[in-house]
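*Asks:* Need coordinates for the below:
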Amino acid sequence: MGHVEVGHLTYVLPDGRALLEDVSFRVGDGVKAALVGPNGAGKTTLMRLIAGDLEPVDGSVASSGGLGVMRQFIGGIRDGRTVHDLLLSVAPARVREAAERLAAVELAMMERDDEKTQMRYAQAIADYGDAGGYDIEVLWDTCTVAALGMPYDAVKYREVNTLSGGEQKRLVLEALLRGPDQTLLLDEPDNYLDVPGKVWLEQVLRETPKTVLLVSHDRQLLANVADRIVTVEAGNVWIHGGGFATYAEARKERNERLDELRRRWDEEHAKLKRLVNMLKQKAGYNDGMAPAYHAAQTRLRRFEEAGPPEVPPRDQMISMRLRGGRTGKRAVVCENLELTGLMRPFDVEIWYGERVAVLGSNGSGKSHFLRLLAGEAIPHTGVAKLGARVVPGHFAQTHAHPELLGRTPCEIVMTEHARLKSEAMKALARYELAGGVAEQRFETLSGGQQARLQILLLELSGATLLLLDEPTDNLDLASAEALQEGLDAFEGTVIAVTHDRWFAADFDRYLVFGEDGRVYESPEPVWDEGRVARPR
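*Replies:* Model prediction:
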């Protein structure tokens, strides 16, 4: 049994802006609820408030059955952290605390192996066992075999940064779904998963009796999993009790209803003010009208104190002007290309203006292929060369940009592309990154805002070859649609690694990196070895 209940929650950003205001909702036992909304609306912040990572200004959060949390950027674990550390980070609190005490005593034993320290060590081992530490290591063995194909003892000391993003996600999901916590908070659980991994995730989420609140931008996953939709917009939350298939129409009807209520409120407000003004004038020369005047004043005051109905959220207006430019006929030529240890040699020619989707399982070399074309030193044999006047622009999957840390979007656009502040702000406004967002540090932006900023930097770079690695992973629906429109108008060549089934349907060619090391073309998207599929 598990549930989550949020009551009258308010959260204010460090700059004084209210991000969430008087938010209330409940996710009942066994419900699979999706948390959706524009990038930067507060989805991840709300998840962190529920998880206890942040403190609200007002309101309360309650949950039952134990709370298991997958955070948005699980790949942010520091260099040197191990598979053991990753699994421990999502273990129940009592296991984590006992493990920390045991690790501290083990360090003390290395410095001083006296009787007192040995007694502390023996007690720490007993406490770890009582907390369920050894039992959960048996569970972790099942998880590592399922996610990595190897037992826990063989990979426990492996550094996390040697795993792909999909392997990290799968491992954490296995641990949470198999673990004891009955309520799960999953922030972008499908990011970095290949399509077979997403299909697996859809199946296990449908089958688990656990209560799940998840953030995702994958429309097919939402349609296949979510019982209800919790929407965060303009600081408020509203709930659609149906699934994702009826969500768009429900949102449209709700906004139309809010528009009508606001129109009626404005009309009634104007009517009451006219009445008060009229009675005020009459009371000025007729004392008998004074009671009516005071009654009208009271009625107006109470009407205003009650306040207007909720204002419908403004639709995002994102305009991506990806221009590109004319290049040679052959944009990319690969001859007998082999990325060391990742694939067999292959040949491919990509022509100016083509849209090529690169598909395949995690770890098959797709991201390395893009990085090689972007000019990075990736070990390889054979030839990979760009055509005349081809200028590559790379969108990185992980958003790991240490050079941008501590800088605001406005500063980044001004310094990276020699723009005046007014010009930078206009460009940022087209990507819904103006206002307070333009003055936030890069690392404080949401995943979707970081993604939109990356795309803007590509636009301003003058790239004629776009190398996009999972560009829609963190984009909300409006942003993903804007990107697709921008790519349609782009005068250049696009090569995109993607596991987004809707996004891939717009491409001309499909280059498949197979599990057996073959690289081949398919006339249709291939989401699993030997199987062609289209999104439903």
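
*Asks:* From now on I want contacts and neighbour counts done on CA atoms only, so please keep to that.
*Replies:* Will do.

*Asks:* Would you quantify the distance from the closest residue to Met343 other than its chain neighbours to Gly341?
*Replies:* Closest residue in space to Met343, ignoring its immediate chain neighbours: Gly517 at 4.2 Å, by Cα to Cα, 6 or more residues apart in numbering. Here the criterion is Cα to Cα, to the nearest Å. By it, Gly517 lies 9 Å from Gly341.

*Asks:* who's more crowded, the two?
*Replies:* It is Gly517, of Gly517 and Gly341, that has more neighbours when counted by other Cα atoms under 10 Å, with 17 against 11.

*Asks:* gap between the more buried one and Glu338?
*Replies:* Between Gly517 and Glu338 the computed distance is 10 Å (Cα to Cα).

*Asks:* do the same with Ile412
*Replies:* Counting by Cα to Cα, the gap from Ile412 to Glu338 is 36 Å.

*Asks:* that older thread, residues that sit against both of Gly517 and Glu338, list them.
*Replies:* In terms of Cα atoms under 8 Å, 6 or more residues apart in numbering, Gly517 and Glu338 are both contacted by the residues Arg344.

*Asks:* Spell out for me which residue occupies the centre of the protein.
*Replies:* Asn474 (4.1 Å; Cα atoms, centre = their mean).

*Asks:* OK, contacts around the nearest residue to that one once chain neighbours are set aside?
*Replies:* Take Asn474 and drop its neighbours on the chain: the residue closest to it by Cα to Cα, 6+ apart is Gly448, 4.6 Å away. Residues counted as contacts of Gly448 (Cα under 8 Å, 6+ apart) are 39-40, 474-476.

*Asks:* and what of Gly462?
*Replies:* Applying Cα under 8 Å, 6+ apart to Gly462 gives the contacts 323-325, 391.

*Asks:* want to throw those into JSON lines with distance to Glu416?
*Replies:* Converted to JSON lines, the contacts of Gly462 look like this (distance: Cα to Cα, whole Å):
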{"residue": "Arg323", "distance to Glu416": "18"}
{"residue": "Gly324", "distance to Glu416": "18"}
{"residue": "Gly325", "distance to Glu416": "20"}
{"residue": "Val391", "distance to Glu416": "16"}
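
*Asks:* List just the nearest of those residues to Cys334.
*Replies:* Closest to Cys334 out of the contacts of Gly462 is Val391 (16.5 Å), distances taken as Cα to Cα.

*Asks:* what's around that closest one, how many residues?
*Replies:* 19.

*Asks:* what's near enough to touch it?
*Replies:* Applying Cα under 8 Å, 6+ apart as the definition, the contact partners of Val391 turn out to be 462-465.

*Asks:* Give me the buried entries from these.
*Replies:* The neighbour count (16 or more other Cα atoms under 10 Å) marks 463-465 as buried among these.

*Asks:* Was I right to think Arg321 contacts Gln484?
*Replies:* No - between Arg321 and Gln484 no contact is recorded; they are 11.2 Å apart, counting by Cα atoms under 8 Å.

*Asks:* And Arg314, its phi and psi?
*Replies:* When quoted as degrees, to the nearest 10, the phi and psi of Arg314 stand at phi -80, psi 130.

*Asks:* now Val230
*Replies:* Here the main-chain torsion angles of Val230 (degrees, to the nearest 10) amount to phi -100, psi 120.

*Asks:* And for it, the neighbour number?
*Replies:* Residues near Val230, counting by other Cα under 10 Å: 23.

*Asks:* can you give me the helices for the stretch 101-250 of the chain?
*Replies:* Counting by DSSP state H, counting those that start in this stretch, residue ranges of the helices within the stretch 101-250 of the chain are 115-130, 133-148, 152-155, 165-178, 195-207, 219-225, 247-285.

*Asks:* closest to Asp29 out of the ones you listed?
*Replies:* For Asp29, the closest of these is helix 195-207, at 13.7 Å, according to Cα to Cα.

*Asks:* What helices and strands are in contact with the helix or strand hosting Val4?
*Replies:* Val4 belongs to strand 3-12 when elements are defined using DSSP states H and E. Using 3 or more Cα pairs under 8 Å, 6 or more residues apart in numbering; DSSP states H and E as the contact criterion, the elements in contact with strand 3-12 are strand 18-27, strand 58-64.

*Asks:* Need the pLDDT of Ala99.
*Replies:* The pLDDT attached to Ala99 in the predicted structure is 90.

*Asks:* which ones are touching the closest residue to it other than its chain neighbours?
*Replies:* The shortest distance from Ala99 to any non-neighbouring residue, by Cα to Cα, 6+ apart, is to Tyr128 (6.2 Å). Contacts of Tyr128 were listed using Cα under 8 Å, 6+ apart, and they are 95, 98-99, 102, 134.

*Asks:* Check for me that Gly80 belongs to a helix.
*Replies:* No - looking at Gly80 with DSSP: H, G, I helix; E, B strand; the rest coil, it is coil, so not inside a helix.

*Asks:* What degree of burial does it show, as a neighbour count?
*Replies:* Counted by other Cα under 10 Å, the residues lying close to Gly80 total 13.

*Asks:* What residues does it make contact with?
*Replies:* Applying Cα under 8 Å, 6+ apart, the residues near Gly80 are 159-161.
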